[in-house]
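Colleague: Sequence first, predicted coordinates after that:
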Amino acid sequence: MTGNSEAQIADRPFQTVLIANRGEIAVRIQRACSDLGLKTVMVCSDADRHSDYGSRSDHFLCIGPANAGKSYLNQDAILLAARLTGAGAVHPGYGFLSEKAAFADAVARAGLVFIGPPASAIATMGDKISAKRAMIAAGVPCVPGPDTALPDDPSVIERTALEIGYPVIVKAAGGGGGRGMRVVLEPSSINEAIALTREEARQAFGSAELYMEKFLEHPRHIEIQVVCDNHGNGIWLGHRDCSMQRRHQKVIEEAPAPGIAPDLIGPVGQACVEACRQIGYRGVGTFEFLYEDGAFYFIEMNTRLQVEHPVTEMTSGVDIVREQIRVAQGVPLQLNQSGVACSGHSIECRINAEDPATFMPSAGTITDVVIPDGDGIRVDTHIHCGYRVSPYYDSLIAKLIVHAPTRAAAIEKMRAALAGMQVEGIATNLPFLRKLLEDEGFAGGETDIHYLEKWIGQGRSQ
Ligand code: ADP
């Protein structure tokens, strides 16, 4: 925080933050730390060691080879880097180790501050059955279906599915990343679906525990951002719509979700804050819901910072990363719920290094970049001319975010910003996004989670 006296900064539990991540989010966290007067340590893999963005931090350390398992996921190497550089806290960003309860625990045991929730809260929300149980207890609306694991007995399974009503979805309790799920349309296929999903779950997640719920056929994806401190205070910062997805990956996000009445979402937001209180949550987090026919259904909580946090920052005026670090420092939230005032509309497009027609990742050296700027335009990125996009990691190279008084104006602004953005030397999805921003369905808003796949299937992105 600018304006802090040196004495105040020295009082804080840490002065140096190790950023255990890479790319745009490492840069974003670095900016928040320097706004707060904190030093930073960035770690990188061998594949990222020549990235310019490392020079923004006070230390830039290579901790392992390109293989993320041996670098960005290498807990011992990260803790050693923290010890060698005198870092007092670790920010995990998103992905990698951000939702590993064991890592949060290891950081705390090393005497460092984990910039995220307590390991116990990560563990509760990381298991989908215990998460659902916690949500029901706090009054958060959930998808119809039991909050217990499915037994082995086929007759009980068949009865459960009939009680819920077909179609149902069978999910692995330990699942994630859109894997470990199977939709079942009719009773004749339920037992086979259970057997297949159980085996997949055992192999992919190390636990064969499954549960079942109603399959919603045309939902939207709407999520609520929360921030909680160490002193029992929590707020929610409005809602986002992330229904534009391809293969369960978000492509465009916006805030607020179009067409949602404040008196409908208000009690859901309050219930999310209550759930945080009940599970002892601290830091930032997101409650993800499916929304269908005027009702919200909780599906999961992300116990970390999300890629799409900027659209909420643009509408709420709250710097979410800065707040996340401040609450980790033990500082009480400055804002209460009545002080949260969201205004205007914000849209984020994920710019990926990928072929706009086949979606195949594209690696190589960027030979030229033009980053759009102007009032209400923000670009979160780590790329620059000469940057080498490596084939080892996620293809996200930039996030283009706009803010305007209305949704229509935000769409106009995004069209202009996309037209002005150029990345040469590699393929990007910019042409795809430009087409999508011209689509009448998107302009109309309130599209469901299947819209984009259908749109692509109809050849409309070409
Ligand atoms: P993951 O942790 O793997 O991301 P989620 O529970 O968030 O799993 O579900 C991922 C996606 O699967 C959702 O965004 C949605 O598209 C779909 N999905 C999950 N549960 C349901 C459901 N009950 N009905 C319809 N679609 C669902």
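Modeller: Alright, I've got the coordinates.
Colleague: Okay, and the beta partners of residue 292?
Modeller: Taking DSSP bridges, one obtains residue 295 as the residues bridged to residue 292.
Colleague: Distance check, it against the ligand.
Modeller: Using C-beta to the nearest ligand atom, to the nearest Å, we find residue 292 at a distance of 8 Å from the ligand. All C-beta spots, glycine's among them, are computed from the backbone N, C-alpha and C.
Colleague: Near that residue, how many residues? Count them for me, please.
Modeller: 17 (other C-beta atoms under 10 Å).
Colleague: residues contacting it?
Modeller: 216-220 (C-beta atoms under 8 Å, 6 or more residues apart in numbering).
Colleague: Also residue 437?
Modeller: 349, 411, 414-415, 418.
Colleague: ok, now with 7 Å
Modeller: With C-beta atoms under 7 Å, 6 or more residues apart in numbering as the criterion, the residues that contact residue 437 are 411, 414-415, 418.
Colleague: Doesn't residue 284 belong to a helix?
Modeller: No - note on residue 284: no helix contains this position according to DSSP: H, G, I helix; E, B strand; the rest coil, which reports strand.
Colleague: I'd like the next helix or strand past the lengthiest strand in the chain.
Modeller: In the chain, assigned by DSSP state E, the strand with the most residues is strand 234-246. Reading on from strand 234-246 to the C-terminus, the next helix or strand found by DSSP states H and E is strand 249-255.
Colleague: how far is that next one from where the chain is centred?
Modeller: Distance of strand 249-255 from the chain centroid (C-alpha atoms, centre = their mean, to the nearest Å) equals 10 Å.
Colleague: Pull out the CA atoms of that strand and give them to me as CSV.
Modeller: Provided in CSV are the C-alpha atoms of strand 249-255 (Å, rounded to 0.1, in the frame of the first residue of the first chain):
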residue,chain,number,x,y,z
GLN,A,249,-12.2,-23.8,-20.4
LYS,A,250,-13.4,-20.3,-20.0
VAL,A,251,-12.9,-18.1,-23.1
ILE,A,252,-14.7,-14.9,-22.2
GLU,A,253,-15.7,-13.7,-18.7
GLU,A,254,-17.8,-10.7,-17.7
ALA,A,255,-19.1,-8.9,-14.7
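Colleague: so does it get close to the ligand?
Modeller: No - counting by C-beta under 6 Å from any ligand atom, the ligand is not contacted by strand 249-255; separation bottoms out at 9.0 Å.
Colleague: after that strand comes which helix or strand?
Modeller: The helix or strand immediately downstream of strand 249-255 is helix 262-279, counting by DSSP H and E.
Colleague: For the ligand, give me its nearest residue in the stretch 1-150 of the chain.
Modeller: residue 143 (4.4 Å; C-beta to the nearest ligand atom).
Colleague: What is the least confident helix or strand in this structure?
Modeller: Among the helical and strand segments of the chain, the one scoring lowest on mean pLDDT, DSSP states H and E is helix 6-11, with a mean of 54.
Colleague: before we move on, the earlier item: pairing partners for the longest strand of the chain, with directions?
Modeller: Paired with strand 234-246 in the same sheet, following DSSP bridges, are strand 220-228 (antiparallel), strand 249-255 (antiparallel).
Colleague: Rebuild the ones you listed as CSV, extending it with mean neighbour count.
Modeller: Below are the strands paired with strand 234-246 laid out as CSV (neighbours: other C-beta atoms under 10 Å):
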stretch, mean neighbour count
strand 220-228, 24
strand 249-255, 24
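Colleague: Figure out which of those strands is closest to residue 148.
Modeller: When these are compared for distance to residue 148 using C-beta to C-beta, the nearest one is strand 220-228, at 25.4 Å.
Colleague: got the angle for the closest one vs helix 262-279?
Modeller: With axes from the mean of the first three to the mean of the last three C-alpha atoms, to 10 degrees as the basis, strand 220-228 and helix 262-279 are set at 50 degrees to each other.
Colleague: what comes into contact with strand 220-228?
Modeller: Taking contacts as C-beta under 7 Å, 6+ apart, the residues outside strand 220-228 that touch it are 234-243, 245, 257, 260, 268-269, 272-273, 276, 281-291, 296, 309, 312, 320, 323, 327, 333, 446, 448-449.
Colleague: can you do 6 Å?
Modeller: The set of residues that contact strand 220-228 without belonging to it, under C-beta atoms under 6 Å, 6 or more residues apart in numbering, is 234-237, 239-243, 257, 269, 272, 276, 281-282, 284-289, 291, 312, 323, 448-449.
Colleague: hmm, back to that, show the buried residues in the contacts of residue 292.
Modeller: Those of those that meet the buried threshold are 216, 219-220, by 16 or more other C-beta atoms under 10 Å.
Colleague: re the thing from before, among the contacts of residue 292, which are located in strands?
Modeller: The subset of the contacts of residue 292 located in strands under the criterion DSSP E comprises residue 220.
Colleague: Can you tell me the SS state at the spatially closest residue to residue 436 that is not a sequence neighbour?
Modeller: Closest residue in space to residue 436, ignoring its immediate chain neighbours: residue 442 at 6.0 Å, by C-beta to C-beta, 6 or more residues apart in numbering. Secondary structure, three-state DSSP: residue 442 is helix.
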